[in-house]
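Peer 1: How does the following fold in three dimensions:
(one chain, ligands or ions: 2)
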Amino acid sequence: MSRETLHPVPEAYAEQSLLNEADYFELYRRSIDDSEGFWREQGRRLDWIKPYTQVKDVSFAKDDLHIRWYADGTLNVSSNCLDRHLVEHGDSTAILWVGDEPGISREISYRELHADVCRLANGLKSLGVRKGDVVTIYMPMIPEAAVAMLACARIGAVHSVVFAGFSPEALAGRMDDGKSRIAITANAGKRGGKSVVLKENVDRAVALCRETSVDKVVVVNYTDDEVPWNPARDCDYGELVAQQNDDCEAEEMSAEDPLFILYTSGSTGKPKGVLHTSGGYLTYASLTHEYVFDYRRGERYWCAADIGWVTGHSYIIYGPLANGATTVMYEGVPNYPDVTRVAQIIDEHKIEILYIAPTAIRALMAEGDRPTAGASLESLRLLGTVGEPINPEAWNWYHRSFGRGHCPIVDTWWQTETGGAMLTPLPGATALKPGSATRPFFGVRPALVDNGGNILEGAAEGNLVLLDSWPGQMRTVFGDHQRFIDTYFSTFEGMYFTGDGARRDADGYYWITGRVDDVLNVSGHRMGTAELESALVAHEAVAEAAVVGFPHEIKGQGIYIYVTLNSDREPSEEMRRALRDWLRSEIGPIATPDVIQWAPGLPKTRSGKIMRRILRKIAADECDQLGDISTLADPSVVQQLIDGRVALA
Ligand code: ATP
Ligand code: MG
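Peer 2: Ligands and ions are numbered 1, 2, ... in the order given. Down below sits the predicted model:
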């Protein structure tokens, strides 16, 4: 790539960070050569009730698939996130909560959080919740959401957090799937200045459930909104916890007992109920949080995800709290009341580390310099991103605006399934290339294979697989183990298939090229979506773009492009020609698009990822076969695009 620039490790990092480049290579080597020994040692970062003697018990063979870590050890995840910090750090801030409206925030110490969790844990027990029960959490981004997750972990209940933006239908589907009989919610939430209906959605979801009967709904009365109340079923959170003791003995859990179920984003099909267990997951979340963010106690660390996504689980709650960190929990959205909000929060609370998704970065980037104009951002020392490939253009903007040119960016590639970051730079150890997730984390063995499953060596492009297990790996698709085997272990024998494509350059850096299902094959040339989209976003008129293939008589597949222009630009035939020429010059004549459709918006999951499978159907004129669209953020976008296509034809 011509635009590729190398950002060496800043000097301040090389001297002060946990690891430098040589340390990384040495530790990485050890983590692979002596995987058992490496993970035996790393497991000790947790407090175990009964220490493990077994470490790794894994086979990726399709007919003997099993994944077990630390299997004979016992522990409690909530004690690891709370109790063990109390003696020395009880008064330090565990959660720094920042409200939707500017000026509203709250700091909760580890001691307070511990007491809150114990009270709710006792409350849940009093409602009859037992070890192994599935508890649905459908909550706004308020501290009680964190308390609910940890209270479940404390008594061995399995939480299933459902993003509070999902519809009653989507919620009911997940409650049914988990056979969940209890939900924790709030009467309403606040997001971007608007009230979000929650309790009413739960009521409707409960009525829709077919596979389970929900007999308890615990409600945080968070706003002034009045909601219908069913005294036989509904239970006021405040009243429930008021009567409880602030100490609750933590349940002794086996390392392989389930901790939570979480559904994937649904970018590629019906969401999968990913099951994570206790010991391995927490070891991995804690280890990655410490090294990827080069985290030092006392620092204020802000992961701007929602707890409804795995990023919120591993990097707002479990990883940071296991490490005794101060984790920022933000209730709102990045552009409320205006686009300077993120920068204002950073300045107001002197935040050191910021971790957000490319979709948010691109949205802010469309506003030029405004999001950070006038801000100091002096406290920031590290930036991170996760969720999609970050276009180099967006990377550079993020680096320049929020990073003031000196903060490294950790571009972390991982999945709901992996529990924690897998490919990622380490701040003091890795020189950066915008758009690359760089190298594997400790214990991670990535490989690229061709479609026949042959491992490709050196600089190459292919299907991204993982050759060995890591403790944070998912254990099954809840209630559908066959789907687990089929999805991840049947495509390439003896390997975990990620579903993503990647390129490895001569320095051993990985570049995610997009979903394998999305790869274009134009006259025999394979092209990832990421490279084409990045080139488009690099054009000064383009805000966002999505590229898909469509059936083409001569080329096999043609290139179909959906483009959202910056707000000050107008679609025109000249613009079409300009973009066509731009792609030809940036990538080559093979990348000449066949169709360019103007898109006022793109179909995205609620977590902000582009759903190309829907765009592919529209391009192929198969609008009646859109598949599962329950996780779409804004379904009306789809109709606009269908109409736009008709206008094109
Ligand atoms: P589903 O599995 O239901 O289709 P999903 O894959 O979008 O949904 P997630 O687990 O939230 O669900 O997303 C993981 C995917 O996100 C990865 O497989 C990858 O495609 C993409 N991704 C995440 N982080 C990065 C990154 N840093 N660079 C490139 N792609 C990323
Ligand atoms: Mg996926």
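Peer 1: Name the residue of the stretch 101-250 of the chain that lies nearest to ligand 1.
Peer 2: Using CB to the nearest ligand atom, the single residue of the stretch 101-250 of the chain nearest to ligand 1 is Phe163, 11.0 Å away. All C-beta atoms are positioned from the backbone trio N, CA, C, and that covers glycine.
Peer 1: List the residues that contact the closest residue to that residue other than its chain neighbours.
Peer 2: Closest residue to Phe163 apart from its sequence neighbours, by CB to CB, 6 or more residues apart in numbering: Gly308 at 2.8 Å. The neighbourhood of Gly308, defined by CB atoms under 8 Å, 6 or more residues apart in numbering, consists of 161-166, 606-607.
Peer 1: mind checking the SS state of Lys190?
Peer 2: The three-state assignment at Lys190 reads strand, by DSSP: H, G, I helix; E, B strand; the rest coil.
Peer 1: And for it, the neighbour number?
Peer 2: Other residues within reach of Lys190, judged by other CB atoms under 10 Å, total 21.
Peer 1: Test my guess that it contacts Val196.
Peer 2: Yes - Lys190 is within contact range of Val196, at 6.9 Å (criterion: CB atoms under 8 Å).
Peer 1: what touches both of these two?
Peer 2: By CB under 8 Å, 6+ apart, the residues touching both Lys190 and Val196 are Pro140.
Peer 1: follow-up on the earlier one: which residues does the residue of the stretch 101-250 of the chain closest to ligand 1 contact?
Peer 2: 306, 308-309, 606-607.
Peer 1: Flag every buried residue along the helix or strand bottoming out on mean pLDDT in the chain.
Peer 2: Lowest on mean pLDDT, DSSP states H and E among the helices and strands of the chain sits helix 11-16, with a mean of 86. Neighbour-count burial for helix 11-16 flags Tyr13 (criterion: 16 or more other CB atoms under 10 Å).
Peer 1: so where is the chain shaky, pLDDT-wise?
Peer 2: Within the chain, the segments meeting pLDDT under 70 span 1-3.
Peer 1: now the farthest one out in the chain, which residue is it?
Peer 2: Relative to the C-alpha centroid of the chain, counting by CA atoms, centre = their mean, Ile554 is the outermost residue, at 39.3 Å.
Peer 1: How about that residue, nearest residue that isn't a chain neighbour?
Peer 2: Of all residues not flanking Ile554 in the chain, Ser523 sits nearest, at 7.7 Å (CB to CB, 6+ apart).
Peer 1: And that neighbour, how far from ligand 1?
Peer 2: 26 Å (CB to the nearest ligand atom, to the nearest Å).
Peer 1: Need the phi and psi values for that residue.
Peer 2: Recorded main-chain torsions at Ser523 are phi 50, psi 40, according to degrees, to the nearest 10.
Peer 1: so what's it up against?
Peer 2: Listed by CB under 8 Å, 6+ apart, the contact partners of Ser523 are 554-556, 590.
Peer 1: ok and the residue in the stretch 351-500 of the chain nearest ligand 1?
Peer 2: Closest point on the stretch 351-500 of the chain to ligand 1, by CB to the nearest ligand atom, is Thr416, at 3.4 Å.
Peer 1: Just the buried positions in stretch 547-559, please.
Peer 2: 547-550, 555, 557-559.
Peer 1: quick one: contacts of the helix or strand hosting Val646?
Peer 2: Secondary-structure element containing Val646, defined by DSSP states H and E: helix 636-648. Residues from elsewhere that reach helix 636-648 (CB under 8 Å, 6+ apart): 562, 595, 597-604, 614-615, 618-619, 621, 623, 626, 629, 632.
Peer 1: gap between that helix and the chain center?
Peer 2: 29 Å (CA atoms, centre = their mean, to the nearest Å).
Peer 1: pull the CA atoms of it into PDB?
Peer 2: Coordinates of each C-alpha in helix 636-648 appear next as PDB, following Å, rounded to 0.1, in the frame of the first residue of the first chain:
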ATOM      1  CA  SER A 636     -35.800   2.600   7.500                       C
ATOM      2  CA  VAL A 637     -32.400   2.900   5.800                       C
ATOM      3  CA  VAL A 638     -33.100  -0.400   3.900                       C
ATOM      4  CA  GLN A 639     -36.300   1.000   2.300                       C
ATOM      5  CA  GLN A 640     -34.400   4.100   1.200                       C
ATOM      6  CA  LEU A 641     -31.800   2.000  -0.400                       C
ATOM      7  CA  ILE A 642     -34.300  -0.200  -2.200                       C
ATOM      8  CA  ASP A 643     -36.000   2.900  -3.500                       C
ATOM      9  CA  GLY A 644     -32.700   4.300  -4.500                       C
ATOM     10  CA  ARG A 645     -31.800   1.200  -6.400                       C
ATOM     11  CA  VAL A 646     -35.100   1.300  -8.300                       C
ATOM     12  CA  ALA A 647     -34.300   4.900  -9.300                       C
ATOM     13  CA  LEU A 648     -31.000   3.800 -10.600                       C
END
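Peer 1: Could you check how far Thr476 is from Val638?
Peer 2: 32 Å (CB to CB, to the nearest Å).
Peer 1: part of a strand, is Ile559?
Peer 2: Yes - the assignment for Ile559 is a strand, going by three-state DSSP.
Peer 1: show me the contacts for the residue nearest to it when sequence neighbours are not counted.
Peer 2: Nearest non-adjacent residue to Ile559, counting by CB to CB, 6+ apart: Pro593, 4.5 Å away. Pro593 sits next to 547, 559-561, 579-580, 583 when contact means CB under 8 Å, 6+ apart.
Peer 1: Apply 6 Å and report the result again.
Peer 2: If a contact means CB atoms under 6 Å, 6 or more residues apart in numbering, then Pro593 has 559, 561, 580 as its contacts.
Peer 1: Quick check: beta-bridge partners of the second one?
Peer 2: Read it as Ile561. Val547, Ile596 (DSSP bridges).
Peer 1: Confirm for me that it is in contact with Ile596.
Peer 2: Yes - contact criterion CB atoms under 6 Å: Ile561 and Ile596 qualify, at 4.9 Å.
Peer 1: Packing partners of the helix or strand containing Asp23?
Peer 2: Assigned by DSSP H and E, Asp23 falls within helix 21-33. If contacts are counted by 3 or more CB pairs under 6 Å, 6 or more residues apart in numbering; DSSP states H and E, helix 21-33 sits against no helix or strand.
Peer 1: Put the alpha carbons of that helix into PDB.
Peer 2: Presented in PDB, the C-alpha positions along helix 21-33 are these (Å, rounded to 0.1, in the frame of the first residue of the first chain):
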ATOM      1  CA  GLU A  21       9.600  -4.600  21.600                       C
ATOM      2  CA  ALA A  22      12.200  -7.200  22.600                       C
ATOM      3  CA  ASP A  23      10.100  -8.100  25.700                       C
ATOM      4  CA  TYR A  24       7.200  -8.700  23.400                       C
ATOM      5  CA  PHE A  25       9.000 -11.100  21.100                       C
ATOM      6  CA  GLU A  26      10.500 -13.000  24.000                       C
ATOM      7  CA  LEU A  27       7.300 -13.400  25.900                       C
ATOM      8  CA  TYR A  28       5.300 -14.200  22.700                       C
ATOM      9  CA  ARG A  29       7.800 -16.900  21.800                       C
ATOM     10  CA  ARG A  30       7.500 -18.400  25.300                       C
ATOM     11  CA  SER A  31       3.700 -18.200  25.200                       C
ATOM     12  CA  ILE A  32       3.700 -20.400  22.100                       C
ATOM     13  CA  ASP A  33       6.600 -22.700  22.800                       C
END
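Peer 1: buried sites along it?
Peer 2: Of the residues in helix 21-33, those buried (16+ other CB under 10 Å) are 24, 27-28, 31-32.
Peer 1: distance of the residue lying closest to Lys270 once chain neighbours are set aside from ligand 1?
Peer 2: Leaving aside its chain neighbours, Lys270 sits nearest to Asp628 (4.7 Å; criterion: CB to CB, 6+ apart). Separation of Asp628 from ligand 1 (CB to the nearest ligand atom): 9 Å.
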